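**Q** here is my input; please provide its structure:
(chains A, B, C and D)
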2 protein chains.
Amino acid sequence: MQKSGPTPPPTDDRTAAPPPARGRGRPRAFDREAALAQATRLFWSKGYEATSIADLTEAMGIASPSLYAAFGSKEALYVEAVNHYRKSYEGLVWGRFFTAGTAREAVMGLLMDSAATLTGCRGDIPRGCMVTLSAVGSEGHAELGEVVRSARASAVDILTERMARAVAEGEIPASVDLHALARFVQTVQAGMSILARDGAERAELEAVAEVAMLGWDARVGGRPSP
Amino acid sequence: MQKSGPTPPPTDDRTAAPPPARGRGRPRAFDREAALAQATRLFWSKGYEATSIADLTEAMGIASPSLYAAFGSKEALYVEAVNHYRKSYEGLVWGRFFTAGTAREAVMGLLMDSAATLTGCRGDIPRGCMVTLSAVGSEGHAELGEVVRSARASAVDILTERMARAVAEGEIPASVDLHALARFVQTVQAGMSILARDGAERAELEAVAEVAMLGWDARVGGRPSP
DNA sequence: CATATTTTGTATTGATCGACACAGAAATAG
DNA sequence: CTATTTCTGTGTCGATCAATACAAAATATG
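**A** Take a look at the predicted model:
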């Protein structure tokens, strides 16, 4: 028995479906991406622990063996859901951040778009940020906690990098504590997720963003830090 | 059979142990308050869903029938735990708020004490605010959601009332949007809980609080809102 | 003392959890 | 066609969930 065959690389990397090559056996009867999107929405609105396999199979329109064959386990499905969330929805919040000409406009755009997106004003999506709210509820699941923690860390990294560029371009004085400023923006955005989940309206969060930008201006445009 | 006896009022109100009158039967072998404190810590750090009865009985040092006899159900125990949390720990965060002479000092004290308390720098307590973090994870438990939601609402009420007093005393111009300002402070404090749960240090949150106070100053001390 | 009342410890309850066995169905390969 | 491979649907696995039944133990009352 020849152990050859174009065995596609054993797919050790999670979250990546092997090239969509159509295999040999019975074809899958459901849309994997659509099912993943439904699972994402469910995890997003209910959290990891509170979402059961029964909830998932009902929302995804498949039976549990199909779920396990396609995604492996509940934890692996959650990891894929987080990645799907980031690819599909983070642009709503971070879009203007990357196109803005100044760091101030970038942060302003981030907070304003957060106010709109997190309150569900961008179509029919759950309230709050899936990654931010995963800070709670992923206790006791080390691997999942690491996934969402690194996602949050990347956000603060992006903020810090953008501000460092602004320093290099002369927009922000070199004396400003960029880490504190990035943490401040992260704090406001994280708080927005909780307020939004609690029912706060878009206009309220926009007013919060405006006050936050006053803090930004005072720190950046004002005198060098004490 | 005479239906008399000094039946203490039927204890319809939850969370209130009837006057510690020693009843007739076998005395309870554990300290109800101490057991409640342990349950509070567990709910606080793991959340409602992720905390099982087995976790609770182990931490409280009792068997499940004793738990149910003393507290009624998991939901009722959680409600008592939230009240215990508020009575025992909210003072660490809100203490200076009520003794401060000005609204600014009150808010500054609130945020600074939050930075210290939420990072566990006030003794051996879990990170983050139990009430804030309950915004997530109490989905699908209507009654519990209402308890923690009203607790959060009372926080923003307290903030607004203090600011209204400051307006009456001339500290804050009447033109300032108090609701937006209260929401801003609530947002920063809520965000701090998430950052703290994520591992942020006290000094980082204090730096965040300082930037937030710059926003306060710009809004309150600055020109009347645009 | 005897009796009533309450708690404790052991052992379960039915329900639900995540995950899977198995056989039939649907496709490709030879 | 037959053989092989893969997916679907039914049914169910052991573990754990929240919540109790039951009887022995411990207190108060009479």
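**Q** so out of everything in chain A, what residue is nearest DNA strand D?
**A** Proximity of chain A to DNA strand D (CB to the nearest atom of the strand) peaks at residue A:25, 1.6 Å away. Glycine gets a C-beta too; all of them are placed from N, C-alpha and C.
**Q** since we're on residue A:29, how many residues are nearby?
**A** For residue A:29, the neighbour count with other CB atoms under 10 Å in any protein chain shown is 8.
**Q** so which bits of chain A are right by DNA strand C?
**A** Within chain A, the positions near DNA strand C by CB under 7 Å from any atom of the strand are A:22, A:24-27, A:51-55, A:63-65, A:68, A:73-75.
**Q** so what's the residue count around residue A:176?
**A** Quick note: residue A:176 (other CB under 10 Å) scores 18 neighbours.
**Q** next: residue A:26.
**A** With other CB under 10 Å as criterion, residue A:26 counts 6.
**Q** tell me the secondary structure for it?
**A** Three-state call for residue A:26 (DSSP: H, G, I helix; E, B strand; the rest coil): coil.
**Q** just the element for the closest residue to residue A:63 other than its chain neighbours, please.
**A** Nearest residue to residue A:63, sequence neighbours excluded (CB to CB, 6 or more residues apart in numbering or on different chains): residue A:57, at 6.0 Å. Assigned by DSSP states H and E, residue A:57 falls within helix A:53-60.
**Q** buried sites along the next helix or strand after that helix?
**A** Using DSSP H and E, the next helix or strand after helix A:53-60 towards the C-terminus is helix A:64-71. Neighbour counts over helix A:64-71 (16 or more other CB atoms under 10 Å in any protein chain shown) mark A:66, A:67, A:70, A:71 as buried.
**Q** over to stretch A:41-51?
**A** Buried, per 16+ other CB under 10 Å, within stretch A:41-51: A:41, A:42, A:43, A:44, A:45, A:46, A:47, A:48, A:49, A:50, A:51.
**Q** how about that stretch and DNA strand D, any contact?
**A** No: among the residues of stretch A:41-51, none lie within reach of DNA strand D under CB under 7 Å from any atom of the strand; the closest is 10.2 Å away.
**Q** so what's residue A:70 up against?
**A** Counting by CB atoms under 8 Å, 6 or more residues apart in numbering or on different chains, residue A:70 makes contact with A:28, A:32, A:35, A:62.
**Q** again, 7 Å this time
**A** Residue A:70 makes contacts with residue A:32, as judged by CB atoms under 7 Å, 6 or more residues apart in numbering or on different chains.
**Q** just the pLDDT at residue A:134, thanks.
**A** Listed pLDDT for residue A:134 reads 89.
**Q** for residue A:22, same thing?
**A** 70.
**Q** so where's chain A uncertain?
**A** Scanning chain A for pLDDT under 70 picks out the ranges A:1-21, A:136-138, A:222-226.
**Q** repeat the analysis, applying 90 as the threshold.
**A** A:1-24, A:134-143, A:221-226 (pLDDT under 90).
**Q** show me which residues of it sit near chain B.
**A** Within chain A, the positions near chain B by CB under 7 Å from any CB of the partner chain are A:46-47, A:49-50, A:132-133, A:135-137, A:139-140, A:149, A:152, A:177, A:180-181, A:183-184, A:186-188, A:190-192, A:194-195, A:197-198, A:204, A:207-208, A:211-212, A:214-215, A:217-219.
**Q** rewinding a little: with respect to chain B, which of the buried residues of helix A:64-71 is nearest?
**A** Chain B has its nearest neighbour among the buried residues of helix A:64-71 in residue A:67, at 20.9 Å by CB to the nearest CB.
**Q** wait, the closest one sits on residue A:55?
**A** No: counting by CB atoms under 7 Å, residue A:67 sits too far from residue A:55 to count as a contact (11.2 Å).
**Q** which residue ranges of chain A form strands?
**A** In chain A, no strands are found when defined by DSSP state E.
**Q** related to what we said a few turns ago, hmm, which of the residues of chain A next to DNA strand C are the buried ones?
**A** A:51, A:74.
**Q** neighbours of the residue nearest to residue A:63, how many?
**A** Applying other CB under 10 Å, we find 17 residues neighbouring residue A:57.
**Q** and the gap between it and residue B:204?
**A** According to CB to CB, to the nearest Å, residue A:57 and residue B:204 sit 42 Å apart.
**Q** repeat for residue A:187
**A** For residue A:187, the distance to residue B:204 - CB to CB - is 9 Å.
**Q** spit out the contact partners of the residue lying closest to residue A:198 once chain neighbours are set aside.
**A** Among residues not flanking residue A:198 along the chain, residue B:135 sits closest, at 5.4 Å (CB to CB, 6+ apart). Going by CB under 7 Å, 6+ apart, residue B:135 touches A:194, A:197, A:198, B:148.
**Q** give me the phi and psi for the residue lying closest to the last one once chain neighbours are set aside.
**A** Excluding the flanking residues, the one nearest residue B:148 by CB to CB, 6+ apart is residue B:134, at 4.0 Å. In terms of degrees, to the nearest 10, the main-chain angles of residue B:134 are phi -70, psi -10.
**Q** burial of residue B:134, as a residue count?
**A** Residues near residue B:134, counting by other CB under 10 Å, number 25.
**Q** all helices for chain A, in order.
**A** In chain A, the helices defined using DSSP state H lie at A:32-46, A:53-60, A:64-71, A:74-99, A:103-118, A:130-133, A:142-168, A:178-197, A:202-220.
**Q** of all the ones you listed, which lies closest to residue B:173?
**A** helix A:202-220 (14.8 Å; CB to CB).
**Q** residue A:25 and residue A:31: what is the separation?
**A** If you go by CB to CB, the gap between residue A:25 and residue A:31 works out to 18 Å.
**Q** next: residue A:125.
**A** Counting by CB to CB, the gap from residue A:125 to residue A:31 is 19 Å.
**Q** looking at those two, which is more packed in?
**A** With neighbours defined as other CB under 10 Å, residue A:125 and residue A:31 compare such that residue A:125 has more, 19 against 12.
**Q** which ones are touching that one?
**A** residue A:89.
**Q** what's the burial count for the closest residue to residue A:215 other than its chain neighbours?
**A** The shortest distance from residue A:215 to any non-neighbouring residue, by CB to CB, 6+ apart, is to residue B:215 (3.1 Å). For residue B:215, the neighbour count with other CB under 10 Å is 26.
**Q** with the one 5 residues further on instead?
**A** Other residues near residue B:220 come to 22 when the count uses other CB under 10 Å.
**Q** tell me how far the nearest residue to it once chain neighbours are set aside lies from residue B:160.
**A** Distances taken as CB to CB, 6+ apart place residue B:172 nearest to residue B:220, at 5.3 Å, with adjacent residues excluded. Counting by CB to CB, the gap from residue B:172 to residue B:160 is 12 Å.
**Q** and these two? which has more neighbours close in?
**A** The neighbour count for residue B:172 versus residue B:160, taken as other CB under 10 Å, is higher for residue B:172 (23 against 17).
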